[in-house]
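S.K.: generate a structure from the sequence data that follows.
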Amino acid sequence: MQRRRATESPITDFPRLARTARALSGRKGLAGPWWLRLAPLSLVTAACGFNLWVLRAESTPVHDLNDSSYHFAMLRWARMKIDQGKLPLDGWYPDLGLGLAQFHHYQSFPHVIGAYLSVLVGEAATFYWLLYLLLALWPVSVYVGARLLGWDNWTAAAAALVSPVLVSVSGYGYEHGSYTWRGYGTWSQLWGMWLLPLAWGLSWRAVKGVGSFALGALAVALTVACHLLTGYLALLTIGVWALVTPSQLLARLRKAVIVGVGAIVVASWVIVPLLVDSAYASNTQWERGTIFYDSYGAPKVLGWLFSGQIFDSGRLPVVSLLVGVGLVVSAVRFRRDERVRAVVAVWLISLLLFFGRPTLGPLLKLLPGSDDLPLHRYINGVHLGGILLAGIGAAWLGRWLVELSRRYAPEVKPALAAIAVAILGFVALTPAWTQVATVDHEGAVWIGAQMTWDATDGADLATLINRVKTLGPGRVYAGSSSNWGGQYRIGSVPVYAELQNYGVDTIGFWLRTESLSTDVEVLFDDSNPAQYDLFNVKYVILPNDRPSPVKATLIARQGRHTLWQVDTSGYFEVVDSIGPPIVADRKDIGAMTAGFDQSQQLALHQHPMVAFDGGKAAAPTVRPGEAVTGPAGTVELESSHPDQGTYSGEIVANRTAVVMLKTTFDPRWQVTLDGEDVAPQMIAPDFVGRTVAPGRHTISFRYVPFPDYPLLLSLGVLALVVLQFAPAAAEPARRWFRQVLKVG
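M.R.: Okay, the predicted model is just below:
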């Protein structure tokens, strides 16, 4: 035996490595000193401390240049609803996409939580401090999630240590650049990122039979409510947990069904409204066929993976090497350790999803709702699975080095060797620490510069925007990302994004919502006066060296900015409707109405009705071949409150015509005509309208929120109670049944 020990390689001496692992993790029988058991937490603390330092500028309120601008606007909208004494789960959100029920179609729980917290500390402080703290303390979630998955404290701590330093070539992963001011600003995903390790760990324990069904379902449901894409992955992985231990397949499948169904019921207040009105959420033509919808395909993704660009873009592949070691260790342990099977399985599933439609093709149809999955975002699961694999690999390397020191330097105590190896691991990540710190420092410099711009040039712009608020209601245009607006900036921030910070109804910040009008507004031609009237673009803000692209009146100058007013008919207009109807659905509404937007019919105020999603269009008011002269009618009085989702007016119809409200159609619009409720109708391009007879009419449009939130929230609470207490209550019956079977 001694000869075998003397010649055996420490790399392959797995029994001895296992004993070292137990010793270093402080397990009973081989426990080390108390300070050694706490030592792994120092790695978590170091990772959080690094984040807290390099990201400290992210807590500074400053105008955003990315998606954070509309996430902050959503928080402000929710706070407005709270101040009005309303539950901020649904309502008309007018500021983007020509209006939509944004909270109805989008994961809004983070914004609702933030809005309630803002009552205490203010909206800006709440938003930016939540961003800063959630991102900085992300290693805590990784550590806790790994421990819940059954990993020892050193493996979990190693994963936490790695978690802040990922950098991918594609972006949008679990990396600083997905969330920071100079990055993408995916604020909702940040909440999903924080919750996913906990959802994986708690659902794993529940399916394994050692944890609470209620906690597992709750963690997954919260992930769904905070970020739908991440929640979808969390739901998929519940099934994975059941499959990784074939010897217990039936029992674990039963538990997985309980947890999965429970999570869906708890999250039903998000899922049910989304599904009920899914036909009215855009599946934009501008992203289909691009990487933002289809992802990159297996050859490119695998090329990035093996070249280190998934985890270590632009530097030495230190994290990628640890992931590789983790995969090798997992392969060796695969048959006897269900934990590695679980981690490898969710990592591979995420990798397959990240391959996207070019690779998976029709197979994706097997996944419910896959038509709405932007698959490039599933680098998230690749990152989290990779972090856990890196933790496995780093912990194995550390234990091997400790064991090596015991062989060749027996005078060194294992505890001291463990501390030395931990320090060595921290130092080994130096290329990653340096790169991330450098980029974050550059971001801090940019934030400081932006604060100066906001206080000077931005203050001039704010003066004009505040002037707009004193004038009549109408949309504001300051260019877009597809034209000169991309260069019209306050510091680094395009003015069309700045407008979001002031709560005004805008056009030009394209492709940010699920509004049906997403594909319609992208086609806005700022040289076509008829389209200004169509979209009620009443105000144009321009740099002072740029003339108005259409006939307009100069209202004010401030600094280098000018404010112009265009003559439009307002949010209401009385128009003729013509045939044949446009036939469209949520995937092609922009393409099918594009011809009309550029046609002579638009200038003549003759709009086709729309037969949407297999429905029947309203009858046209002008028969084929019929000649009409003069306007279809006039708007005598208009009262518009976009933030409240209410528009009303008095109109005179010169003939049978359609009263058109220039905002996105939604089946929850309630139309009242002369005191009677009537059904809303869709009119081109995708607006809400109503046919009226000749004469004077009073008409109002009011968005009515989804009515069943209290019921669904109550159902979710009831489901949690049942999941928590039913298993224990049913145990006597199960014991009796098993006894009966045994006697029989």
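S.K.: now do the same for residue 662: helix, strand or coil?
M.R.: Judged by DSSP: H, G, I helix; E, B strand; the rest coil, the three-state class of residue 662 is strand.
S.K.: dump the residue contacts of it.
M.R.: 98, 534-536, 571-573, 687 (Cβ atoms under 8 Å, 6 or more residues apart in numbering). Every residue, glycine included, has its C-beta placed from N, CA and C.
S.K.: without its sequence neighbours, what residue ends up closest to it?
M.R.: Leaving aside its chain neighbours, residue 662 sits nearest to residue 536 (4.7 Å; criterion: Cβ to Cβ, 6 or more residues apart in numbering).
S.K.: if we can go back for a sec, in JSON lines: the contacts of residue 662, plus neighbour count and pLDDT.
M.R.: Output for those, formatted as JSON lines (neighbours: other Cβ atoms under 10 Å; pLDDT from 0 to 100):
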{"residue": "98", "neighbour count": "26", "pLDDT": "96"}
{"residue": "534", "neighbour count": "26", "pLDDT": "97"}
{"residue": "535", "neighbour count": "23", "pLDDT": "97"}
{"residue": "536", "neighbour count": "24", "pLDDT": "97"}
{"residue": "571", "neighbour count": "27", "pLDDT": "96"}
{"residue": "572", "neighbour count": "25", "pLDDT": "96"}
{"residue": "573", "neighbour count": "27", "pLDDT": "97"}
{"residue": "687", "neighbour count": "28", "pLDDT": "98"}
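S.K.: from residue 118, how far out is the residue nearest to residue 662?
M.R.: According to Cβ to Cβ, to the nearest Å, residue 536 stands 31 Å off from residue 118.
S.K.: picking up where we left off before, TSV for the contacts of residue 662, including secondary structure?
M.R.: Below are the contacts of residue 662 laid out as TSV (three-state DSSP):
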residue	secondary structure
98	coil
534	helix
535	coil
536	coil
571	coil
572	strand
573	strand
687	strand
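S.K.: need those residues in JSON lines (columns: distance to residue 219).
M.R.: Formatted as JSON lines, the contacts of residue 662 follow (distance: Cβ to Cβ, whole Å):
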{"residue": "98", "distance to residue 219": "37"}
{"residue": "534", "distance to residue 219": "46"}
{"residue": "535", "distance to residue 219": "43"}
{"residue": "536", "distance to residue 219": "44"}
{"residue": "571", "distance to residue 219": "43"}
{"residue": "572", "distance to residue 219": "47"}
{"residue": "573", "distance to residue 219": "49"}
{"residue": "687", "distance to residue 219": "41"}
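S.K.: and of these, the nearest to residue 590?
M.R.: Nearest to residue 590 among the contacts of residue 662: residue 98, at 11.7 Å, using Cβ to Cβ.
S.K.: hmm, residue 521 and that closest one touching each other?
M.R.: Yes: applying Cβ atoms under 8 Å, one finds residue 98 in contact with residue 521, separated by 5.5 Å.
S.K.: got any residues that touch both of these two?
M.R.: With Cβ under 8 Å, 6+ apart as the test, residue 98 and residue 521 both reach 507, 535.
S.K.: what separates residue 417 from residue 157, distance-wise?
M.R.: Distance from residue 417 to residue 157, by Cβ to Cβ: 16 Å.
S.K.: between these two, who's got more neighbours?
M.R.: Shown here are residue 417 and residue 157; by other Cβ atoms under 10 Å, residue 157 has more neighbours (31 against 21).
S.K.: check the secondary structure at the nearest residue to the more buried one once chain neighbours are set aside for me.
M.R.: Using Cβ to Cβ, 6+ apart and skipping the chain neighbours, the partner closest in space to residue 157 is residue 40 (3.5 Å). Secondary structure for residue 40, judged by three-state DSSP, is helix.
S.K.: and if you look at residue 107?
M.R.: Under three-state DSSP, residue 107 falls in the coil class.
S.K.: dump stretch 114-125 to CSV, restricted to CA.
M.R.: What follows is stretch 114-125, C-alpha atoms only, in CSV (Å, rounded to 0.1, in the frame of the first residue of the first chain):
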residue,chain,number,x,y,z
GLY,A,114,-38.4,50.2,-7.0
ALA,A,115,-41.4,52.5,-7.1
TYR,A,116,-42.5,51.5,-3.7
LEU,A,117,-39.0,51.9,-2.3
SER,A,118,-38.7,55.4,-4.0
VAL,A,119,-41.4,56.6,-1.6
LEU,A,120,-38.7,56.5,1.1
VAL,A,121,-35.6,57.7,-0.7
GLY,A,122,-36.7,59.2,-4.0
GLU,A,123,-36.8,57.8,-7.6
ALA,A,124,-33.3,58.5,-8.8
ALA,A,125,-31.6,57.4,-5.6
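S.K.: in it, which residues are buried?
M.R.: Judged by neighbour count using 16 or more other Cβ atoms under 10 Å, the buried positions of stretch 114-125 are 114-115, 117-118, 123-124.
S.K.: again, but for stretch 44-55
M.R.: 44, 46-48, 50-51, 54-55.
S.K.: now, those that are in strands?
M.R.: Per DSSP state E, strands hold no members of the buried residues of stretch 44-55.
S.K.: list just the nearest of those residues to residue 144.
M.R.: residue 44 (9.3 Å).
S.K.: correct me if wrong: that closest one contacts residue 157.
M.R.: Yes: taking Cβ under 8 Å as the definition, residue 44 is a contact partner of residue 157 at 5.5 Å.
S.K.: which neighbours do those two have in common?
M.R.: The contact sets of residue 44 and residue 157 overlap at residue 143 (Cβ under 8 Å, 6+ apart).
S.K.: next, count neighbours for residue 335.
M.R.: 9.
S.K.: what is the least confident helix or strand in this protein?
M.R.: helix 2-7 (a mean of 40; mean pLDDT, DSSP states H and E).
S.K.: average pLDDT for stretch 124-144, rounded please.
M.R.: Taken as a whole, stretch 124-144 has an average pLDDT of 97.
S.K.: and residue 94, what is it in contact with?
M.R.: 505, 642-643, 645, 663.
S.K.: would JSON lines of those with pLDDT, neighbour count and distance to residue 88 be doable?
M.R.: Below are the contacts of residue 94 laid out as JSON lines (pLDDT from 0 to 100; neighbours: other Cβ atoms under 10 Å; distance: Cβ to Cβ, whole Å):
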{"residue": "505", "pLDDT": "92", "neighbour count": "24", "distance to residue 88": "19"}
{"residue": "642", "pLDDT": "92", "neighbour count": "20", "distance to residue 88": "16"}
{"residue": "643", "pLDDT": "90", "neighbour count": "17", "distance to residue 88": "12"}
{"residue": "645", "pLDDT": "94", "neighbour count": "23", "distance to residue 88": "13"}
{"residue": "663", "pLDDT": "97", "neighbour count": "29", "distance to residue 88": "20"}
